[in-house]
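Undergrad: pasted the sequence and its predicted model underneath.
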Amino acid sequence: MKVIYRITYPNGKIYIGQDRTDSINYFGSADSDLIAADFGREQRRSFTVTRDILWESETASDSELSHKEVEFIRLLRSNDPAIGYNRWPKFNRS
């Protein structure tokens, strides 16, 4: 099963990613430094994130999966630094 997921961090920011194996233990490849900059030492002591599956397919090609991931990044604006941690595709404010 291939999935597109949303990770929601305690500050409300999100990360959209894809998982080609639907691993329950996979939480994406967001830039750790970007996330760390938003959380102080005390906030790191107890930390809960949520992973929601937004879309899934047993038959989608890897190309279709990647296209769907970009679609959700743009739809949910997770590439806008004020909203999320995706840095690609580059957010355009205009």
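TA: Right, received. Where do you want to start?
Undergrad: every contact and neighbour count from this point should use C-alpha atoms.
TA: OK.
Undergrad: assign a three-state SS to residue 51, would you?
TA: Counting by DSSP: H, G, I helix; E, B strand; the rest coil, the backbone at residue 51 sits in strand.
Undergrad: so what's it up against?
TA: 5, 6, 7, 8, 27 (Cα atoms under 8 Å, 6 or more residues apart in numbering).
Undergrad: try it again at 6 Å.
TA: Contact analysis of residue 51 by Cα atoms under 6 Å, 6 or more residues apart in numbering lists 6, 7.
Undergrad: so it bridges to which residues?
TA: residue 7 (DSSP bridges).
Undergrad: okay, it: pLDDT?
TA: Residue 51 carries a pLDDT value of 96.
Undergrad: ok, now how distant is it from residue 74?
TA: 18 Å (Cα to Cα, to the nearest Å).
Undergrad: tell me which residues in the strand or helix carrying residue 64 are buried?
TA: Here residue 64 sits within helix 62-76, counting by DSSP states H and E. Using 16 or more other Cα atoms under 10 Å as the test for burial, helix 62-76 gives 65, 66, 68, 69, 70, 72, 73, 74, 76.
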